[in-house]
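Peer 1: take this sequence and fold it.
(2 chains)
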Number of protein chains: 2
Amino acid sequence: MKIVIVGGVAGGASAAARARRLCESAQIVIFERGPDVSFANCGLPYYLGGEITERNKLLVVTPERLRQRLNLDVRVRSSVEAIDRARKVVRVRDLASGREYEESYDKLILAPGAAPLRPPLPGIDLPGVFTLRNLNDTDDIKSRLDAGVREAVVIGAGFIGLELVENLVRRGVATTVVELQDQVLPPFDKEMTRPLTLELARRGVTLLLGDSATGFAATSKGLDVSLKSGKHLPAQLVIVGVGVRPENKLAVDAGLHVGPRGGIKVNAQMQTSDPDIYAVGDAVEVRDVVTGEATQVPLAGPANRQGRLAADHIFGRQVRYRGTQGTAIVRVFSKTAALTGASEKALRRAQVPYRKVYIHPTHHAGYYPGAEAMTLKLLFDPVSGRILGAQAVGGAGVDKRIDVVAVAIQAGMTVFDLEEMELAYAPQFGSAKDPINMAGFVAAGLLRGDHPQLHVDELATSGDPPPLLLDVRTRQEFEAGHVPGAINLPIDDLRQRLGELPTDRPIVVYCQVGQRGYLATRILLQAGFRAKNLGGGYKTWELYRN
Amino acid sequence: MKIVIVGGVAGGASAAARARRLCESAQIVIFERGPDVSFANCGLPYYLGGEITERNKLLVVTPERLRQRLNLDVRVRSSVEAIDRARKVVRVRDLASGREYEESYDKLILAPGAAPLRPPLPGIDLPGVFTLRNLNDTDDIKSRLDAGVREAVVIGAGFIGLELVENLVRRGVATTVVELQDQVLPPFDKEMTRPLTLELARRGVTLLLGDSATGFAATSKGLDVSLKSGKHLPAQLVIVGVGVRPENKLAVDAGLHVGPRGGIKVNAQMQTSDPDIYAVGDAVEVRDVVTGEATQVPLAGPANRQGRLAADHIFGRQVRYRGTQGTAIVRVFSKTAALTGASEKALRRAQVPYRKVYIHPTHHAGYYPGAEAMTLKLLFDPVSGRILGAQAVGGAGVDKRIDVVAVAIQAGMTVFDLEEMELAYAPQFGSAKDPINMAGFVAAGLLRGDHPQLHVDELATSGDPPPLLLDVRTRQEFEAGHVPGAINLPIDDLRQRLGELPTDRPIVVYCQVGQRGYLATRILLQAGFRAKNLGGGYKTWELYRN
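Peer 2: Next comes the predicted model:
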């Protein structure tokens, strides 16, 4: 068996290692265009920022190590230029010597990854304008930073964009980030990104939403970035991080099927339309496990799993890739944001019915010092309660809650299962009723009809007559800020003052996070009022502020 | 509907709050023997140690607040002395006035909790010898500490015992802990507690295992604690934390069924043998979800859930308590230990077949600074791979992995599902192959037959002829410490030197954590040797050292 692998970073390296463990006698050849295999691409921003101090830490494994330990034939700086499917050979170009040669395969695994988009703007190729993909790019950016950069512009506020921003600020660079959409981190729902927007402002980052670069020009002081809005930004460093596109040229040229967004089409065994050719990682189209839609998800975890499965299948194992959930996480200064499954906007786009709840717990028991605030949004099926997605933003403990929901989605669990979860509790780690349990209580209460809710984004259009907005917090809380038009009636007085409330119009109750509002709603419903609780209370209302 | 609740801490307070939300018109009476309801009992050690500085932080909610907000009739310092099931009344004693009176009920909920065991030893009632259950105890211990304690003895190295030890050391007290068993934290398997034993020693704690107190005597300097071993320990403070027993007297006197270990018997709706009487929390017998055995699990999370379910059932809801997993966590100085599901010894006791794996990952990507070591032990069904239990010890990230496994157990997932889990990865939070995935790979490889393992505790009895013990680490690692009798053949030389190995006896391979050993096992098996990998490698071997 001779296996040829194109690309030696995440999926390709995983496939090679797995193949070797399964079969000592296989001939395994890896072609990698760059000089490095299996490097820590998720660490590049932190090497730029200086948290990771040694460059060689980014080299998870060297070509030499792969040869020695796994008996792999690793050929770096080798570009696979074409596939001849009929003859089962690839044409390879040695980038050092320029020599071209053919290599035959029994099975071919394509793991070419995805390349950063470089929009064809004037000046995109000027010195000082970068994209970030590999160690070469990192070295170039680092040289520029080390030479002295006062002002930087990051184009694109996605995951990598924001990680770069954090690290540029860490180095004392005045940083502006320009994002075409009206929010940072487009995979998230907009309201969930508000804490990040505030955090960026607090750290002195200039955030320009709904704007985009139209060109770059060299000036005496470095570069001038012109924006669609007409603004001009001076900079000595520009990093463009506006997304990636699958490296599909090899596949397309070979006549393999490719999806509408360029991802190489594969079956659940990671085979392309040619069963002797597999494809894995950022270059392939995957199935979203929640919406069922075809999508592209450039993430390291799925790439590694796919590589492993491809090798398994080559050696006759029964395997099935289950699809991708899109579980992802990013730290932005002292905030963490994470998500798994579908976002609200993705569900809308896919026309999947859903309901949602928001909670605002602390990450561990409030009585123990250091409890950090968190907002958790949960999306679920309106009938079965099956969990469709979750997003969380806050500090410590965000990663844990999203991982718990990620497992729940994988298991097909419902919000009723969240109520029952028995998670580890000591005051340093959680609460006797963990945020996950709380989300389950609120969501299950909604589905059982105990806890009717109105959401902030439904307030403006909620009916005729318009509801009375009832703030059941204390007078002090009310006076510190409230939803316009609300009246104040503290929860502890509510039972005594029910007579003051109108019976001829609906009532929307709210408190700070939703808990007192829930009790007030229960009291009002049982007293015959038409009441709903504003989902997630005043804190959620604030997330929707512009 | 008139509901009477005996006990107002976790389960009782949860039942009362839930009942009120479900029904505004119900009359709800809570009798609590102590002066406080719903206090943070898990926070008491940290108030003693000074991390929690304000006593009122421990009062999660006051009786006054429960009256005002939830319209509950809360009567503290009120002891329920007897139940007359025929007349459906309880006899109550007001501890302040001594007055006794009767209170009728439609439904009665028993949430009396569990009391610390006070073994009937000579001197157990001397001043300075304490148990810790409530704020009163805490105040007494704190007074003693504030008056000056140089030496303290903690009897019992369970969860609360070790939390107390940490907090006594924090206050500069020379602390000895005495434990009857030959390990700390008896719910864990012994080898998993070794890092905690080392940590206690590193912090200057004297740990006496396999010993117990036989009596206490007053001396001029405070107390003398005599031990079974003949040792004598001077102390000015002794805290006895050797377990709890369910407060079942009320139930027993009323003729309700009680299990062999004293837990009040309840059905899945939390009803006792009298359907109008419910029981919840630390006083009840629960079903272990993994072994199916009846057990007692004094934990706050289950108590709260049970209280909620009892109230739901009273108001006609269909509910079912699913049993208890025993998910628990404890911090011991800079170490964290957590577990969920069954331990290996519990599985043996219950004669449940199982297999196990150990892994020793870091809590996040190794290339990012601050990665902390962790040991994870996973127990699973030998045929289906269903997950039966997990234990982890380490630093950051232990809580997350145990919570993930807790959900997997709840969902009935297998080790093959762990392989596929898509968890949140950025270098600060995990790895592209998370420790959970790794545990899944190792366990699934074992079940698929790709990765035969021998465990450290099987080494001594592993066959005739005895296996060759092959250390495939580097020469430097080997020389720094190895398993007695092992020979060294570094993994990178193995393929070239296969001819040196015997074909007439089995080979047990090991490396540092099991990963190189796995590859070596694969190489050897494919070359025709009879090879197994030592599960978890040298690090696991070290856990079994005494």
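Peer 1: tally of neighbours for residue A:324?
Peer 2: Number of residues near residue A:324 (other CB atoms under 10 Å in any protein chain shown) recorded here: 22. In this view, the C-beta of every residue, glycine as well, is placed from N, C-alpha and C.
Peer 1: show the contacting residues for it.
Peer 2: A:286-289, A:295, A:297, A:299, A:302, B:422 (CB atoms under 8 Å, 6 or more residues apart in numbering or on different chains).
Peer 1: quick one: the helices in the stretch 351-500 of chain A, in order.
Peer 2: Ranges of helices in the stretch 351-500 of chain A, per DSSP state H, counting those that start in this stretch, are A:398-410, A:415-420, A:435-448, A:475-479, A:491-494.
Peer 1: pipe those into TSV and attach mean neighbour count and distance to chain B per row.
Peer 2: Putting these into TSV (neighbours: other CB atoms under 10 Å in any protein chain shown; distance: least, CB to the nearest CB, whole Å) gives the following:
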stretch	mean neighbour count	distance to chain B
helix A:398-410	27	4
helix A:415-420	22	6
helix A:435-448	23	8
helix A:475-479	13	15
helix A:491-494	18	5
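Peer 1: can I get those helices in a markdown table with mean pLDDT?
Peer 2: Shown next, in a markdown table, are the helices of the stretch 351-500 of chain A (pLDDT from 0 to 100):
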| stretch | mean pLDDT |
| --- | --- |
| helix A:398-410 | 98 |
| helix A:415-420 | 97 |
| helix A:435-448 | 97 |
| helix A:475-479 | 98 |
| helix A:491-494 | 96 |
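Peer 1: would you reformat the ones you listed as TSV and include distance to residue B:52?
Peer 2: Converted to TSV, the helices of the stretch 351-500 of chain A look like this (distance: least, CB to CB, whole Å):
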stretch	distance to residue B:52
helix A:398-410	22
helix A:415-420	29
helix A:435-448	21
helix A:475-479	25
helix A:491-494	27
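Peer 1: what's the closest of the ones you listed to residue B:388?
Peer 2: helix A:398-410 (16.6 Å; CB to CB).
Peer 1: how far away from the center of its chain is the closest one?
Peer 2: On the basis of CA atoms, centre = their mean, to the nearest Å, helix A:398-410 sits 13 Å off its chain's mean C-alpha point.
Peer 1: same question, stretch A:32-51
Peer 2: 19 Å.
Peer 1: list the buried ones in that stretch?
Peer 2: A:32-34, A:36-49, A:51 (16 or more other CB atoms under 10 Å in any protein chain shown).
Peer 1: of those, which belong to helices?
Peer 2: A:44-49 (DSSP state H).
Peer 1: from those residues, pick the one nearest chain B.
Peer 2: Checking those against chain B with CB to the nearest CB, the nearest one is residue A:46 at 6.3 Å.
Peer 1: surely the closest one and residue A:55 touch.
Peer 2: No: under the criterion of CB atoms under 8 Å, residue A:46 makes no contact with residue A:55, lying 11.7 Å away.
Peer 1: how about the strands of the stretch 351-500 of chain A, start to end?
Peer 2: A:355-359, A:374-380, A:387-394, A:453-454, A:468-471, A:487-488 (DSSP state E, counting those that start in this stretch).
Peer 1: to residue B:370, which of the helices of the stretch 351-500 of chain A lies closest?
Peer 2: Residue B:370 sits nearest to helix A:398-410 of all the helices of the stretch 351-500 of chain A, at 14.2 Å, using CB to CB.
Peer 1: who does that closest one touch, helix- and strand-wise?
Peer 2: strand A:328-332, strand A:335-341, strand A:374-380, strand A:387-394, helix A:435-448, helix B:398-410 (3 or more CB pairs under 8 Å, 6 or more residues apart in numbering or on different chains; DSSP states H and E).
Peer 1: now these in TSV, with distance to residue A:310?
Peer 2: Below are those laid out as TSV (distance: least, CB to CB, whole Å):
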stretch	distance to residue A:310
strand A:328-332	23
strand A:335-341	24
strand A:374-380	32
strand A:387-394	28
helix A:435-448	34
helix B:398-410	25
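Peer 1: these: which one's closest to residue A:112?
Peer 2: That would be strand A:328-332 among those, by CB to CB, at 21.4 Å.
Peer 1: mind listing what's buried along that closest one?
Peer 2: In strand A:328-332, counting by 16+ other CB under 10 Å, buried: A:328-332.
Peer 1: tell me what angle it forms with helix A:398-410.
Peer 2: Relative orientation of strand A:328-332 versus helix A:398-410 (axes from the mean of the first three to the mean of the last three CA atoms, to 10 degrees): 170 degrees.
Peer 1: hmm, strand A:328-332 touching chain B?
Peer 2: Yes: contact of strand A:328-332 with chain B (CB under 8 Å from any CB of the partner chain) involves A:328-331.
Peer 1: in CSV: those residues, plus pLDDT.
Peer 2: Formatted as CSV, the residues of strand A:328-332 next to chain B follow (pLDDT from 0 to 100):
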residue, pLDDT
A:328, 97
A:329, 97
A:330, 98
A:331, 97
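Peer 1: show me which of these is closest to chain B.
Peer 2: residue A:329 (3.7 Å).
Peer 1: tell me who's in contact with the residue nearest in space to the middle of chain A.
Peer 2: Nearest to the mean C-alpha position of chain A, by CA atoms, centre = their mean, lies residue A:328 at 3.9 Å. Residues in contact with residue A:328, defined by CB under 8 Å, 6+ apart, are A:159, A:187, A:299, A:338-340, B:424-426.
Peer 1: give the bridge partners for it, please.
Peer 2: residue A:339 (DSSP bridges).
Peer 1: tell me how far it lies from residue A:249.
Peer 2: As judged by CB to CB, to the nearest Å, residue A:328 and residue A:249 stand 27 Å apart.
Peer 1: quick one: the helix or strand residue A:164 falls within to strand A:328-332, angle?
Peer 2: Assigned by DSSP states H and E, residue A:164 belongs to helix A:159-170. Angle of helix A:159-170 versus strand A:328-332, following the same axes, to 10 degrees, is 20 degrees.
Peer 1: and helix A:159-170, C-alpha only, in PDB?
Peer 2: The C-alpha atoms that make up helix A:159-170 are tabulated as PDB, following Å, rounded to 0.1, in the frame of the first residue of the first chain:
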ATOM      1  CA  PHE A 159     -11.300  34.800  15.300                       C
ATOM      2  CA  ILE A 160      -7.800  35.300  14.000                       C
ATOM      3  CA  GLY A 161      -8.300  39.100  13.500                       C
ATOM      4  CA  LEU A 162      -9.200  39.500  17.200                       C
ATOM      5  CA  GLU A 163      -6.400  37.300  18.400                       C
ATOM      6  CA  LEU A 164      -4.000  39.500  16.300                       C
ATOM      7  CA  VAL A 165      -5.500  42.600  17.800                       C
ATOM      8  CA  GLU A 166      -5.000  41.400  21.300                       C
ATOM      9  CA  ASN A 167      -1.300  40.600  20.600                       C
ATOM     10  CA  LEU A 168      -0.600  43.900  18.800                       C
ATOM     11  CA  VAL A 169      -2.000  45.800  21.700                       C
ATOM     12  CA  ARG A 170       0.100  43.700  24.000                       C
END
